[in-house]
Every structure is written in C-alpha cells, then in structure tokens.
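Q: curious how this folds, go ahead:
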Amino acid sequence: MASSNDPASAVRQNVETRLVTAGRDTKAQHGFVNPPVVHGSTVLYPTADDLHAHRGEFQYGRHGTPTTKALQQVLMALEGPQCAGVGIAPSGLAAISTTLLSVLKAGDHVLVCDSIYRPTRNFCNGMLARYGVETTYFDPMIGTGIEQLLKPNTRAVVVEAPGSQSFEMPDIPAIAAVAHAHGALVIDDNTWATPLYHRSLDQGVDISMQAATKYIGGHSDIMFGTISANAKAWPLISEGIRLLGVCAGPDDVFLALRGVRTLGVRLAQHHRSGLEMARWLAARPEVIEVLHPGLESHPGHAIWKRDFTGASGLFSIVLRPKPQAAVDAMLDTLTLFGMGYSWGGFESLAIPFDCSSYRTATTWAPGGPTLRLHIGLENVEDLKADLDRGFAAFNAA
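A: Prediction:
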C-alpha cells in the first residue's frame with residue numbers, strides 16, 4: 001500500500017475516507033497501519049551546519065513529532081481547504097485561552113456571544129480583563145445587528161454554534177460578513193458539531209476551536225484541544241502556540257488520532273440517536289421544551305439546516321415546573337445516564353444547569369428546570385426506559 005497522503009487521490013476522497021487515510025505513511029511506518037507514539041524532547045542534528053540552520057523536519061518535541069504530524073494532517077483534511085494549519089493544546093480551554101491570547105492585546109475589544117462556554121466567559125472576565133482587554137457579550141441571535149456593537153478597537157468576535165447549554169444558533173455567515181467589513185477576526189467554538197458536520201472555516205470563520213476531549217477523542221479518556229485557522233489567522237496562532245509553549249503529550253495525541261479515525265461512524269450514531277431521543281422527549285408530558293437545533297420546532301432550525309450537515313448527541317430539555325428535589329429524584333433514579341460534566345464520549349450523561357446568574361446580554365428564563373443530556377451509543381430503547389423510570393420518580397416527588 002502506498003502512502004495515503006497522495007495529493008491526487010486525496011482530492012477524490014470524501015471526508016469520511018480522509019478521516020481514515022490522512023496522516024498515514026505506510027513506508028515511514030514500516031508497514032504498520034498506525035504511526036508510532038513518539039516520546040521525545042531532544043532531536044539530534046547530523047551536522048553542525050544543520051544545527052546552526054535549524055535544518056530538519058522536527059527540531060524539538062514541543063514543536064511536534066511524527067505522531068502530532070499525523071494527527072494534524074487528519075484534522076486539516078477534516079477542516080477542509082480553507083484550513084492553513086492546526087495547533088494542538090492540552091485541553092479545550094487551553095485551546096480557547098491560547099487563541100484569545102494569540103490575537104488580542106491590551107486596549108483591544110472583543111465581542112463574545114452570551115451563550116458561550118462558561119469557562120471562556122471566566123477567562124474573558126478574569127485574565128483578559130487584567131490584561132486590559134474589554135469584553136462585550138451579545139445576543140447569539142443578533143445576526144447582522146452585531147454591527148451596532150463593533151468599536152474601532154474591536155479585534156475579534158467569538159461565537160459558539162450552538163451554545164452548549166441553551167442551544168441558540170447564531171447566524172455565523174451574517175456575523176462574519178459584518179465583522180470582516182470592520183477588520184475583526186471571527187472565532188468559533190466548533191465542539192458541538194465538529195468540522196465533520198460544520199466546516200466553519202468555509203463560512204467566514206477565521207479560527208475554529210474544538211474541545212477534542214469530546215467527540216475527537218470520543219472515549220472520555222483524554223483532555224485535548226485543537227485550534228484550526230485560515231491563512232490570514234494561522235501566523236498569529238502558530239506564533240502564539242510557540243511563545244506560550246503550548247503542546248500536548250504524545251499519548252494523548254495518539255488517543256486523539258485513534259479517536260478521529262472512527263469519528264464518522266460515531267457521530268452518525270450520536271446524530272441518529274440524539275434526534276430520536278429529542279423527538280421522544282418532546283412528546284413527554286414532563287417536558288415543556290426540547291432545545292435541539294435539529295428539531296423543526298427549534299428557533300434556529302433553519303440556520304442549522306443551512307449551515308450544518310448533521311447534529312451531535314448533545315441537547316437540553318426544559319421540564320415542567322417542579323421543586324429541585326423532584327429533579328434530583330429523577331437524576332438519582334437514572335442508571336444509564338450518568339451525572340458528570342463534559343460530553344462526547346460513548347456514554348450518556350445528564351446534568352442540571354441554570355444560566356440565569358451569569359448571562360448579561362440576554363435573559364435566561366426557560367419556564368422550568370433544565371437538564372442537559374448527552375445521548376451516547378447505547379440502544380435508544382434502553383435509554384428511553386431509563387428516562388421513563390426517572391420521570392416516574394420526578395412525578396412522584
């Protein structure tokens with residue numbers, strides 16, 4: 001078998017095939033399907049001339065190894081033709097903080113959607129504020145109205161599509177067009193759909209971040225982050241990664257590479273099971289609303305249908321008003337749905353949440369207790385039975 005990175009054949013391959021073939025060099029890997037896990041810091045140079053010129057594909061372990069190169073090649077194939085480079089980080093939050101520190105400086109202004117991942121908000125309100133960067137939060141449904149919030153010093157606009165708790169669906173192409181007209185970069189947290197179902201770099205986004213802890217890894221066994229950028233933004237990201245010393249350990253890199261090979265089949269199952277469970281929940285008397293962009297009833301469904309090719313297994317539900325004790329009784333009854341943060345692994349999860357205390361640009365008033373569900377890879381009939389038992393406890397409390 002020849003190298004799987006032949007440019008001519010790669011052009012003809014669909015993304016699901018590239019997830020399997022990209023980053024594989026059979027000859028260099030001595031016939032093995034997977035690349036070696038390279039544990040290394042020091043790279044030796046053959047001559048003094050090579051040393052002085054820093055000549056060599058690899059110069060130091062922090063800057064990359066054959067293992068990281070293989071993963072980056074797969075991720076670039078996943079992101080599509082607009083991707084000029086992919087950086088890796090030791091967690092999703094590290095990818096976010098590295099991105100923001102790479103593009104912002106003292107005196108800059110950044111616009112951030114109000115539905116953003118809460119640790120991103122904490123970073124903006126904490127470290128960025130101390131460094132002299134001003135943050136303004138905006139309604140994720142603002143669309144072209146974001147023009148009213150742009151300032152002469154607005155350097156970047158940060159979106160998350162959809163918000164990973166409340167699931168508003170911002171119109172990224174509309175926001176990007178306005179932001180670019182004012183010279184601002186557009187940054188997207190693309191963890192929910194991954195580039196497999198949402199190629200945000202093709203829709204005007206300059207930098208696409210992921211918590212690869214979730215669907216890229218897919219097995220709840222790594223902490224990992226990725227930063228992908230177009231040609232305009234990649235030099236900033238590349239420089240930031242080097243200056244901040246950001247890297248990931250070789251074993252986590254390999255586990256991310258292992259996970260991404262099966263992303264296509266796993267995410268397809270999450271998509272199917274998530275939509276089936278969302279529709280089933282929408283018919284339950286205990287549920288007053290299902291927050292899933294793939295449902296026709298969702299306010300952002302038209303944007304999701306236009307910009308996305310699929311959905312993940314993560315969505316939220318609003319329960320009819322009951323005391324917290326009733327919600328807790330439901331959670332304590334569940335056996336297949338574990339209670340834990342993060343998502344994107346093979347297992348189903350359920351956690352209560354409340355955005356009302358920290359939203360600043362919008363009001364969070366869903367009308368009842370809210371649960372965020374991650375639909376894993378279990379049989380959906382078993383998941384329905386588990387929730388049915390949970391609802392019985394909810395009703396009895």
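Q: which helix or strand in this protein has the lowest average pLDDT?
A: When the helices and strands of the chain are scored by mean pLDDT, DSSP states H and E, helix 7-12 comes last with a mean of 60.
Q: quick check: what element follows it along the chain?
A: Note on helix 7-12: by DSSP states H and E, the next helix or strand toward the C-terminus is helix 15-21.
Q: from the chain's centroid, how far away is that following helix?
A: Distance of helix 15-21 from the chain centroid (CA atoms, centre = their mean, to the nearest Å) equals 19 Å.
Q: now do the buried residues in that helix.
A: Val15, Arg18, Leu19, Val20, Thr21 (16 or more other CB atoms under 10 Å). To be clear about C-beta, it is placed using only N, CA and C from the backbone, and glycine gets the same treatment.
Q: could you pull out the helices for the stretch 1-150 of the chain?
A: Counting by DSSP state H, counting those that start in this stretch, one finds helices in the stretch 1-150 of the chain at the ranges 7-12, 15-21, 48-53, 66-79, 92-103, 118-123, 129-130.
Q: which helices and strands does the lengthiest helix in the chain pack with?
A: In the chain, taking DSSP state H as the definition, the longest helix is helix 263-282. Packing partners of helix 263-282 (3 or more CB pairs under 8 Å, 6 or more residues apart in numbering; DSSP states H and E): helix 15-21, helix 194-197, strand 287-291, strand 314-319, helix 380-396.
Q: tally of neighbours for Ala95?
A: Residues near Ala95, counting by other CB atoms under 10 Å, number 31.
Q: next up, the contacts around it.
A: Ala95 makes contacts with Gly87, Ala89, Met209, Gln210, Ala211, Ala212, Gly225, Thr226, Ile227, as judged by CB atoms under 8 Å, 6 or more residues apart in numbering.
Q: what confidence value was assigned to it?
A: Listed pLDDT for Ala95 reads 98.
Q: now swap in Ala2 and tell me
A: On pLDDT, Ala2 comes in at 34.
Q: picking that back up, figure out which of the helices and strands packed on helix 263-282 is closest to Ile146.
A: Closest to Ile146 of the helices and strands packed on helix 263-282, according to CB to CB: strand 287-291, at 22.5 Å.
Q: pull out the buried positions in the closest one.
A: Those would be Val287, Glu289, Val290, Leu291, for strand 287-291 by 16+ other CB under 10 Å.
Q: got a markdown table for those, with pLDDT and distance to Thr98 too?
A: Shown next, in a markdown table, are the buried residues of strand 287-291 (pLDDT from 0 to 100; distance: CB to CB, whole Å):
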| residue | pLDDT | distance to Thr98 |
| --- | --- | --- |
| Val287 | 98 | 39 |
| Glu289 | 98 | 36 |
| Val290 | 98 | 35 |
| Leu291 | 98 | 30 |
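Q: okay, now the domains of this structure?
A: The chain breaks down into these domains under automatic domain parsing: 7-260, 264-396.
Q: how distant is the first one from the center of its chain?
A: The chain centre lies 9 Å from the centre of domain 7-260; the measure is CA atoms, centre = their mean.
Q: ok, the closest residue to Leu336 other than its chain neighbours to His271 distance?
A: Excluding its sequence neighbours, the residue lying closest to Leu336 (CB to CB, 6 or more residues apart in numbering) is Asp386, at 4.2 Å. Plainly put, Asp386 is 20 Å away from His271 if you go by CB to CB, to the nearest Å.
Q: centre of the chain to stretch 262-269, how far?
A: Its chain's C-alpha centre and that of stretch 262-269 lie 15 Å apart, by CA atoms, centre = their mean.
Q: how about it: buried residues?
A: Going by neighbour count (16+ other CB under 10 Å), the buried part of stretch 262-269 is Leu263, Gly264, Arg266, Leu267, Gln269.
Q: next: stretch 298-311.
A: Residues of stretch 298-311 classed as buried: His298, Gly300, Ile303, Trp304, Asp307, Phe308, Gly310, Ala311 (neighbour count, 16+ other CB under 10 Å).
Q: ok, the residue lying closest to the first one once chain neighbours are set aside - contacts?
A: Among residues not flanking His298 along the chain, His292 sits closest, at 6.0 Å (CB to CB, 6+ apart). Taking CB under 8 Å, 6+ apart as the criterion, His292 is in contact with Phe167, Gly274, Leu275, Ala278, His298, Ala311, Phe315, Ser316.
Q: quick check: the third one touching Gly294?
A: In this case it means Leu275. Yes: if you go by CB atoms under 8 Å, Leu275 and Gly294 touch, sitting 5.2 Å apart.
Q: overlap in contacts of these two?
A: With CB under 8 Å, 6+ apart as the test, Leu275 and Gly294 both reach Ala311.
Q: burial count for Glu381?
A: Other residues close to Glu381 by other CB under 10 Å number 10.
Q: what of the one 10 residues further on?
A: Residues near Phe391, counting by other CB under 10 Å, number 18.
Q: look up the closest residue to it, ignoring the ones flanking it.
A: Spatial nearest neighbour of Phe391, chain neighbours left out: Glu286 (5.0 Å); criterion: CB to CB, 6+ apart.
Q: show me what contacts the one you found?
A: Applying CB under 8 Å, 6+ apart, we find Glu286 in contact with Leu319, Arg320, Phe391, Phe394, Asn395.
Q: what's the closest of the buried residues of stretch 298-311 to Thr26?
A: Comparing the buried residues of stretch 298-311 against Thr26 with CB to CB picks out Gly310 as the nearest, at 30.7 Å.
Q: hang on, isn't the closest one packed against His271?
A: Yes: look at Gly310 against His271 with CB under 8 Å: they come within range, at 4.6 Å.
Q: which residues do those two both contact?
A: Between them, Gly310 and His271 share the contacting residues Tyr197, judged by CB under 8 Å, 6+ apart.
Q: these two touch, right, Gly56 and Val43?
A: Yes: if you go by CB under 8 Å, Gly56 and Val43 touch, sitting 6.7 Å apart.
Q: please report the distance of Asp332 from Met339.
A: From Asp332 to Met339 the distance is 9 Å (CB to CB).
Q: what does Ser228 give?
A: Shown here: Ser228 relative to Met339, a distance of 32 Å by CB to CB.
Q: neighbour count winner among these two?
A: Ser228 (32 against 12).
Q: those strands in the stretch 151-300 of the chain, which residues are they?
A: Taking DSSP state E, counting those that start in this stretch, the strands of the stretch 151-300 of the chain run over residues 154-160, 185-189, 207-210, 225-229, 287-291.
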